[in-house]
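[1] Sequence below, structure please.
(chains A, B and C)
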Amino acid sequence: MEENRIRLRWSGLRRFFAAFVNQANLLGHTFREGDGRTRLSFVLMGFGNLVRGQVAKGLYYFLSEAVFVVYMVLFGARSLVGIVTLGTKTQYIEAIPGQVPKVIRGDNSMLMLLYGVATVLLVVWFIATYFWNISSAMQTQRAVENGEVLPGLRTEAREYLDAKFHVTLMILPVMGLLLFTVLPLLFMILIAFTNYDSSHQPPGSLFHWTGLYTFKALFSNSGVLGGTFWPVLGWTITWAVIATASNYVLGMLLAILINRKGVRFKGLWRTVFVMSIAIPQFVSLLLMRNMLDDFGPINGVLQHWGLTSKFIPFLTNATFARISVLVVNLWVGIPYSMLITSGILLSIPKELYEAAAIDGASPFRMWTKIILPYVVFVTGPYLITQFIGNINNFNVIYLLTGGGPSGLTYYQAGKTDLLVTWLYKLTVNTRDYSYASAIGICVFIISAILSLVAYRNTKSYKKEETFQ
Amino acid sequence: MSSRAYTHAKGRVIAGNTLAYVVLAVLCVIWLVPVAWLIIISFSKGVAGIPNYFWPKYGFTLQNYVKLFKDSGAASGFYFPRWFLNTLFVAICSCALTAVMTLSVAYAVSRMRFRLRKPYLNVALVLGMFPGFMSMIAVYYILKAVGLTNTLVALILVYSGGAGLGFYVAKGFFDAIPKEMDEAAMIDGATRSQIFWQITVPLSKPVIVYTILTSFLAPWADFIFVNMIMGPTAYKNYTVALGLFRMIDREHITTYFSMFCAGAVLVSIPIVALFISMQRFYVEGITGGSVKG
Amino acid sequence: MFGNMKRILAVGLVVLMVAALVTGCAPKPKPVVALTLWGSQDDQAMLQTMANSFKAAHTDKDYTITLGVCGEDVAKDTVLKDLDAAADVFAFASDQIAALQGAGALLPVTVDTDAIKTANSSASVTAATVGGQLMAYPSSADTYFLYYDKKYLSDAEAGSLETIMGKSLPTGVTNFAMNLSNGWYIASFFFASGCKLFGDTGVDPTQCDFNSAKGLAAGQYMIQLAANKKTFADYGANYDSTMCQNFKDRKLAAAVSGTWNATKVQEALGTDYAATKLPTIKINGSDVNMGSFANFKLYGVNSHTKAAADAMALAEWVTNKDNQLLRFQTRSFAPTNVTIDASTLSSNVAVAADALQGKYATLQASIKQMSNYWTPAAALGTSIGNGKTTNATLQKDLDAMVKQILATLQ
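    Predicted coordinates for the structure are as follows:
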């Protein structure tokens, strides 16, 4: 499906630096070869374009520089210092009996870090614009020297609907990503390297850079955090493997059942299952939670019929709760995998079946030798996404058990907590942001490694060209 | 084939089908029980807290639905009709925005070749692997910096802000559209923009519907980001998800559980209807990526 | 040029004079002050009344008071998310005071301090004090006590847990319900047997003797209590609502809960409604009263408020004697104000029971370590409840719990 879903190679980094050196070379080159106007663009951005008639472009570069300089003077320079110090002045409240207290505001490490990251991003954008400006100045100079007609605004604008259409298409989404994903994420990643935890809450107290301390505390086997992290990680992996596999296999069986030759009302059956996708999860899962309650209707009915003498602790006993979340997850997940495998089953080439039928294969053999490999082959990437999705399956756990029952030896976690739900509790309940952030990074690393391995495997599988 | 063997085979088919029907029926019941219970409780009288029964003890009533609309206001603190409209508004705006942006990105990375394409694909993949709400607090302060906290616009931005990452399905779909069509159009002098709007988009109905549908559903289900963005005084700007969620916290569940069920039914009806009518496109969309890719 | 200058000067002077005249003659406009006040959903109507009476009593300024819904239990999370966007005055549960103070969110109570300290119970003042400085305004006391159904239990029988549990009741009726899977409630047994959470001072983060011999006795008591599946119930996650439902169905004789359920239980039981302090239990051969955690609802002033003096006045107003009385009348909350007539309070069964239990209550520590207590305590309670912790494993589990309570992250 995707030729380079994962290619986190060091070569990428090397290429990045190579590009940087190239740009530096370009700078020197341009400075040597450029005329006065081009050279002036080094200081006064857009000058080269402006004087040679490309007003709009020139103005854009010039305004970028103006805005950047004003921002840096008024705000940016301070932010860059702030990201290093993370604040020096703590809020002070002067409490004199009989008088209204005076609050002397201090620094807020958290905002300083956030603004600092934003400023760094802005600086990166400015440096890029700066290089574009230089190369653009040189290009226009060359074009004039060669006697070419410079493209006007209209021509350039048309470019953005044709050859450079990707820029038009991507500018808005990329800006959205930068603002709502990249910036917050960089901020959160950096927090893992500070001591922003429950005892360092700005503005009452500041937090500082602490290097790898958070990770050491998290991984240490003796500490409270380590004593929680490893078991929770173990359950997260177990959960993800079982949840993915069970949903996948059972969903496929359901799809086969519905698509069975003699079965009628296929649409109706499918619709019933699809309905559970459409009902918002917080509704269906919260209902399930209450249905599975020790004193909920399921236990009520079981006791009423005399099947059990006392309630079954579906969600209050660690083992039962783990089984319950896995089972309820089937209710949530099977319809999805049923839909997907349905689509795939319908697309299985007829010849495959016919070939098998001629060989006189039994239905079971047909299933294991033909259908399963084919479906696994086409759904490989889907399986990987499902697996990562299950590692991050916040809703099912949080809404169904809230992570409970609590763990006696866990810090702020329960027996069904996944790393993500634990992370959420740490941010919301105790405000241990640094630990939450470190856990988030671990979740990312696990997801990345697993998808890398899985992707490699499907790719090698692909190379066998079994189905081409 | 002798007629006996034929009857035998036919018997096996019928037995198989009967078994299939039985299994399907049982499964359907399992899948429908929670839904049925939701509907029953929403019409039940005298529910105090979580009922430990399926069938109502004190008879049926329409009051839960009536109260949802009649008791809306400052006295109860629940503004269900208003929350419903808020969610509808946010859902429509964010799904339109998300659809445009997702398709744009998908088309660009599928059809065009540019220097930052591969880095972008890699970065998008990496970004998608971080748990989203990890950075919630930062999102809050970014929205605050532009003065958008407590507004519905903020919700629209947050729900569609990640559109640049969700392009994989659409990209798979575009990859499967023959390139020759583009090339032919280009020979006729069409620009990329014209090709996108006049050739690719009309061919991509399933994937467009899929994108719209999934992004339309998000605001109805999210209660975490709304909770972060809407402060305690912005009660009227809640979405149904958060509003309903509030109805069943420890303080309210005893009084409001049956009203919660009524609200949940009202929220689910349009979504289920939409989903069922668009089911075909959803399947095509979701499988389009993996089957054809 | 100078002519121009003169004219400008002249015009300017006239404008200034007119302005002076207008402000001089017209009645001096009242300063406008906008305040925000957060409280729980069920308090909104009551808070509106209090805000109105505040406005009526302070006519020197033009107050606009906006209400917001933010339950005491989540006040910390919402306030600390963004101090500058949080309310000027907010209600919170006293166990959050350490976190709020640590984050610099609270404005110390420096005005009328002594009057507030003398008017309110000393326990509530301790709960509102951090490092010797009063940081919040006490408003009401919360602990848990016993609700019971007079149809099944006499007042005397409700005095002892052994009697309650031993009473034979119609089939299907549970004798006693308590939320064992919640750390707030299980502390009851430990306190009864004489254990101390966080040392003698109650605020020493290195001390906890829940795993001592006394703690073991408390644990054993819980184990034998939880084993009586027919006569004992823990309604778990939906404890409050399930308890009310069972009282309503007359399937429950006695249950541990607090004033927040008073109206619902009263509705459910009607004339058979009764409440008193927690019963005694027999531990180590002697009858001791079950202990409890005391929690207080406090009102805090945001340190980032733009109108500190006004916010402090409002906070003091909503927690003064009259308004505590109003809170008692409308919401059945036990006032912390000690000058309120005891006979007034005894008219409310639940509040009277709450006050009786107050003698046996232990204040929730206002230290950060307190937040470490809940998860392991809930785990122990759950484990005892579902029979996983037995007399054989009890010591090990208690040790694990204490280790977890005293653990530090750094």
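
[2] Next one, pLDDT for C:Phe2 please.
    According to the prediction, C:Phe2 has pLDDT 48.

[3] how about the helix or strand hosting B:Ile137 as PDB, C-alpha atoms only?
    B:Ile137 belongs to helix B:136-145 when elements are defined using DSSP states H and E. In PDB, the C-alpha atoms belonging to helix B:136-145 read as follows (Å, rounded to 0.1, in the frame of the first residue of the first chain):
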ATOM      1  CA  MET B 136      -3.600  18.600  25.100                       C
ATOM      2  CA  ILE B 137      -2.400  21.200  27.500                       C
ATOM      3  CA  ALA B 138      -0.200  22.800  24.900                       C
ATOM      4  CA  VAL B 139      -3.100  22.900  22.400                       C
ATOM      5  CA  TYR B 140      -5.100  24.700  25.100                       C
ATOM      6  CA  TYR B 141      -2.500  27.400  25.500                       C
ATOM      7  CA  ILE B 142      -2.100  27.800  21.700                       C
ATOM      8  CA  LEU B 143      -5.800  28.400  21.400                       C
ATOM      9  CA  LYS B 144      -5.700  30.800  24.300                       C
ATOM     10  CA  ALA B 145      -2.900  32.700  22.600                       C
END
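
[4] Please work out the average pLDDT along whatever helix or strand comes next after that helix.
    Downstream of helix B:136-145, the first helix or strand assigned by DSSP H and E is helix B:152-161. Averaging pLDDT along helix B:152-161 gives 92.

[5] swap in stretch B:206-214?
    Mean per-residue pLDDT for stretch B:206-214: 87.

[6] CA-only coordinates of that stretch in PDB, if you can.
    In PDB, the C-alpha atoms belonging to stretch B:206-214 read as follows (Å, rounded to 0.1, in the frame of the first residue of the first chain):
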ATOM      1  CA  PRO B 206     -16.300   6.600  -2.000                       C
ATOM      2  CA  VAL B 207     -13.200   8.000  -0.400                       C
ATOM      3  CA  ILE B 208     -14.700  11.500   0.000                       C
ATOM      4  CA  VAL B 209     -17.800  10.100   1.700                       C
ATOM      5  CA  TYR B 210     -15.500   8.000   3.900                       C
ATOM      6  CA  THR B 211     -13.500  11.000   4.900                       C
ATOM      7  CA  ILE B 212     -16.500  13.100   5.500                       C
ATOM      8  CA  LEU B 213     -18.200  10.300   7.500                       C
ATOM      9  CA  THR B 214     -15.300   9.600   9.800                       C
END
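
[7] Pull the residues that contact it.
    For stretch B:206-214, the surrounding residues in contact (Cβ atoms under 8 Å, 6 or more residues apart in numbering or on different chains) are B:95-96, B:98-99, B:102-103, B:166, B:169-170, B:173-174, B:201, B:274-275, B:278, B:280-282, B:284-286, B:288. In short, each C-beta sits where N, CA and C put it, glycine included.

[8] picking up where we left off before, spell out whether the helix holding B:Ile137 and chain C are in contact.
    Yes. Using Cβ under 8 Å from any Cβ of the partner chain, we find that helix B:136-145 touches chain C at B:137, B:140-141, B:144.

[9] count of residues packed around residue 30?
    Looking at chain A here, since you left the chain open. 21 (other Cβ atoms under 10 Å in any protein chain shown).

[10] nope, chain B please
    A total of 11 residues lie near B:Ile30 under the criterion other Cβ under 10 Å.

[11] Wait, a strand at C:Leu37?
    Yes. Secondary structure of C:Leu37 (DSSP: H, G, I helix; E, B strand; the rest coil): part of a strand.

[12] so what's it bridging to?
    C:Leu67, C:Val89 (DSSP bridges).

[13] Check the gap between it and C:Val69 for me.
    11 Å (Cβ to Cβ, to the nearest Å).

[14] returning to that earlier point: mind checking which of the contacts of stretch B:206-214 land in helices?
    Members of the contacts of stretch B:206-214 lying in helices (criterion: DSSP state H): B:95-96, B:98-99, B:102-103, B:169-170, B:173-174, B:201, B:274-275, B:280-282, B:284-286, B:288.

[15] Which PyMOL command selects the buried ones in the residues you listed?
    Selection of buried members from those for PyMOL, criterion 16 or more other Cβ atoms under 10 Å in any protein chain shown:
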select buried, chain B and resi 95+98+99+102+103+169+170+173+174+275+281+282+284+285+286+288
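
[16] show me which of the ones in helices among the contacts of stretch B:206-214 neighbour chain A.
    Restricting these to those near chain A - Cβ under 8 Å from any Cβ - leaves B:102, B:274-275, B:282, B:284, B:286.

[17] what are the bridge partners for A:Glu94, then?
    Under the criterion used (DSSP bridges), A:Glu94 bridges to A:Lys102.

[18] Count the neighbours of it for me.
    Around A:Glu94 there are 12 other residues, counting by other Cβ under 10 Å.

[19] what does the model give it for pLDDT?
    Reported pLDDT for A:Glu94: 90.

[20] Kindly report the same for the one 5 residues further on.
    pLDDT, the model's per-residue confidence, is 91 for A:Gln99.

[21] And B:Gly288, by the same measure?
    For B:Gly288, the model assigns a pLDDT of 54.

[22] ok, the spatially most distant residue from the centre of chain A - contacts?
    Going by Cα atoms, centre = their mean, the residue of chain A most distant from its centre is A:Gly98, 52.6 Å out. By Cβ under 8 Å, 6+ apart, A:Gly98 lies in contact with C:110-111.

[23] Tell me which helix or strand it sits in.
    A:Gly98 belongs to no helix or strand when elements are defined using DSSP H and E.
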